[in-house]
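Asker: just to be clear, the model below is a prediction. Sequence and coordinates:
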Amino acid sequence: MTEALKTELVNFSELTGEAGSARRAELARHVATLFALTSDRCSDEQVDIYDSVLLRLVDMVEDEVRRYVADQMSSLRRGPEETIRRLADDEIEVAEPILLRSTVLREADLIKIAEKRGNAHRFAIAQREVLSEELTDVLVRRGDLKVKRKVASNDGACLSDASIMALISDAASDATLQLSLSERADLAEAHIASLISVASEEVRRKLHAAGRGHEAERVEEAADIAAQRMSNQYWLGRYDFETARSRVLLLAKRGMVNEAALRRFASEDRFAEAVATFAWLVRCGVEEVSHWMVRPDPEPFVILAKASGFSSITVGSLLAIGPWRHRLTPDVRSDAMAMFERMTIAEAKRKMAHWNNNVLH
């Protein structure tokens, strides 16, 4: 059966010599189209057969035909891995659809290509829906400005601290990169401060002197966006607290609002529901609690949580969700937990008694 399938797909004896050129192209297109139509129904053995046949064919045809095969393979959930790997490492005209879309390619394949190929290949990879930290590290380290801009504007790119700082450094002289970075949702407070520092008047002057007034205006826009992100209201504006409050009130009527429910919301990173639940448990307003749970200094929240008798597990989980996932550094989070552990409930209640609304806000 295997030999029959091979014979049905391609008779390689017909493909030799100059006379077989058109036939090679026709067969490559035919086999690629056939596999694309039937890939979900193929057994693993059949996929392997297609792989061996296509791999041989793509080495026998011109760029245009290889591009056609790559287009057919690029959107498949399962496919001939060796062929796809071969096409991804081809000239960019061929490799582009595979690098942009193929989920068959493994991360190790993408990293290898990003390391050894040129910026055209890196730019295509930078447009993928999801990019790991390890892959973006390579793209940022090896890529040109065009690649870096694309990585910075890709919401699906996970950026390591090293990559973010490298991009911010490069952004000192590039308004487009500054603007893309300023719009990312995953920058920590320290990163935002660094971004503001490079989006300076000096940069604007340089851009004006070079006759790039439009870019100078974009630098100022990037700085404004980054500054806005440092405010509590920027972060809080991303959540629907009214709907969350209504959901929590329904749960409360059923007797289902407790610390366990709060931890569940925290584990699912449902920040708005966690805020509404915490507010209900401590008998405070949702708006007031939301401001405590967004500020870069978590001390008021920690004291209130201690005074209200919450466990360290609950407090630790809340310090790692929503805006605090981005705004608190590991050191700040660790210091907050240490303060919570040291403080007694009585001490926390005394601090609460001496506070006023101005301090809490």
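Answerer: Everything's here; your move. Values in this document were obtained by computation on a predicted structure and should not be read as measured data.
Asker: give me the domain ranges for the protein.
Answerer: Under the assignment automatic domain parsing, the domains of the chain span 1-105, 241-360.
Asker: okay if I get those as a markdown table plus mean pLDDT and distance to S163?
Answerer: Heads up, the C-betas are built off the backbone N, CA and C, glycines and all. Output for the domains of the chain, formatted as a markdown table (pLDDT from 0 to 100; distance: least, CB to CB, whole Å):
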| stretch | mean pLDDT | distance to S163 |
| --- | --- | --- |
| domain 1-105 | 85 | 19 |
| domain 241-360 | 91 | 16 |
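Asker: G118 is nearest to which of these?
Answerer: Closest approach to G118 among those (CB to CB): domain 1-105, 7.7 Å.
Asker: now the domains of the chain as a markdown table including distance to Y234 and mean neighbour count?
Answerer: Converted to a markdown table, the domains of the chain look like this (distance: least, CB to CB, whole Å; neighbours: other CB atoms under 10 Å):
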| stretch | distance to Y234 | mean neighbour count |
| --- | --- | --- |
| domain 1-105 | 32 | 17 |
| domain 241-360 | 9 | 17 |
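Asker: which neighbouring elements make contact with the helix or strand encompassing A260?
Answerer: Counting by DSSP states H and E, the element that carries A260 is helix 259-267. With contacts defined as 3 or more CB pairs under 8 Å, 6 or more residues apart in numbering; DSSP states H and E, helix 259-267 has these neighbours: helix 271-282, helix 312-318.
Asker: do you know how far the spatially closest residue to R117 that is not a sequence neighbour is from A70?
Answerer: Closest residue in space to R117, ignoring its immediate chain neighbours: D89 at 7.2 Å, by CB to CB, 6 or more residues apart in numbering. The spacing between D89 and A70, counted by CB to CB, to the nearest Å, is 11 Å.
Asker: all strands of the stretch 101-250 of the chain, in order?
Answerer: Secondary structure of the stretch 101-250 of the chain (DSSP state E, counting those that start in this stretch): no strands located.
Asker: where do the helices sit along it?
Answerer: Counting by DSSP state H, counting those that start in this stretch, the stretch 101-250 of the chain has helices at residues 107-116, 119-126, 133-142, 145-153, 161-171, 175-182, 189-198, 201-209, 213-229, 232-236, 241-253.
Asker: got the contact list for the third one?
Answerer: What that stands for is helix 133-142. With contact meaning CB atoms under 8 Å, 6 or more residues apart in numbering, helix 133-142 is reached by 107, 110-111, 114-115, 122, 125-126, 131, 147-148, 151, 157-160, 162-163, 166-167.
Asker: can you rerun that using 6 Å?
Answerer: 110-111, 114-115, 122, 126, 147-148, 151, 157-160, 163, 166 (CB atoms under 6 Å, 6 or more residues apart in numbering).
Asker: same question, the fourth one
Answerer: Residues lying outside helix 145-153 but in contact with it, judged by CB under 6 Å, 6+ apart, are 119, 122-123, 126, 136, 139-140, 157, 167, 170, 176-177, 180-181.
Asker: pLDDT wise, what is the closest residue to A114 other than its chain neighbours at?
Answerer: Closest residue to A114 apart from its sequence neighbours, by CB to CB, 6+ apart: V138 at 4.5 Å. pLDDT for V138: 98.
Asker: report the separation between the nearest residue to T176 once chain neighbours are set aside and D90.
Answerer: Leaving aside its chain neighbours, T176 sits nearest to R149 (5.5 Å; criterion: CB to CB, 6+ apart). From R149 over to D90 the distance is 25 Å, taken as CB to CB.
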